[in-house]
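Visitor: need a 3D model of the following:
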Amino acid sequence: MPTKKLTLLALFTTISLAVYAIESAIPPLVPLPGIKLGLANIITLILLEHYSLRDALSVLLARILLSALLFGQALSLIYSLTGGIVSLFVMVFTMKLLLKKLSCLTGAMGGIAHNMGQLAIAFAITATPGVLSFLPFFLISGILTGLFTGFCAGAASKYLIPHLR
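Guide: Residues are numbered from 1 along each chain as shown. Predicted structure coming up:
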């Protein structure tokens, strides 16, 4: 990997980790576990639009692993990995096959997929059907937070990408 690209991916990883750290300091918006804005996903969306799936996956995995080491617990790593990877591939599908570019819909699909991935792993770990009662709340929050992060990614990429090329 060329030095410039490695440096760029390290910069994106640092930005997404910093955004994650700031978001972690914000009190929960709703009193339900696992519902956050997902602002670090803005970087993933930008990478998907302007770079490659491999680059986006590298930064996503680095951010999840580093955030679990610095801020989380072992169990949060499992939830974040599952949600992040499911979300990434749903966003790729949405962008490549349906929209051909970044949009708020891409963010919403990613938000829904992230929450559904986390809900599925929670059900698999606990084997408690009551976990599925969170489904309507996770769907609504995935749509709303995903629309917001998609909008932010579109706005940020207009200003960020020209300065990094």
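Visitor: contacting residues for the residue minimising distance to the centre of the chain?
Guide: Most central in the chain under C-alpha atoms, centre = their mean is residue 41, positioned 3.4 Å from the mean C-alpha point. By C-beta atoms under 8 Å, 6 or more residues apart in numbering, the residues touching residue 41 are 87, 107, 110-111, 114, 146, 149, 153. Yep, even glycine has a C-beta here, placed from its N, CA and C like the rest.
Visitor: same check, this time on residue 123
Guide: By C-beta under 8 Å, 6+ apart, the neighbours of residue 123 are 129, 131-132.
Visitor: show me how to select, in ChimeraX, the buried members of the residues you listed.
Guide: Those of the contacts of residue 123 that count as buried under 16 or more other C-beta atoms under 10 Å are selected in ChimeraX with:
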select :131
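Visitor: any chance of the contacts of residue 123 in CSV, plus pLDDT, secondary structure and distance to residue 92?
Guide: Shown next, in CSV, are those (pLDDT from 0 to 100; DSSP: H, G, I helix; E, B strand; the rest coil; distance: C-beta to C-beta, whole Å):
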residue, pLDDT, secondary structure, distance to residue 92
129, 89, helix, 31
131, 89, helix, 27
132, 90, helix, 27
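Visitor: of the contacts of residue 123, just say which sits nearest to residue 37.
Guide: Ranked by distance to residue 37 (C-beta to C-beta), the contacts of residue 123 are led by residue 131 at 21.9 Å.
Visitor: point out where this structure drops to low pLDDT.
Guide: Residue ranges of the chain with pLDDT under 70: 1, 163, 165.
Visitor: and the gap between residue 113 and residue 70?
Guide: Taking C-beta to C-beta, to the nearest Å as the measure, residue 113 and residue 70 are separated by 25 Å.
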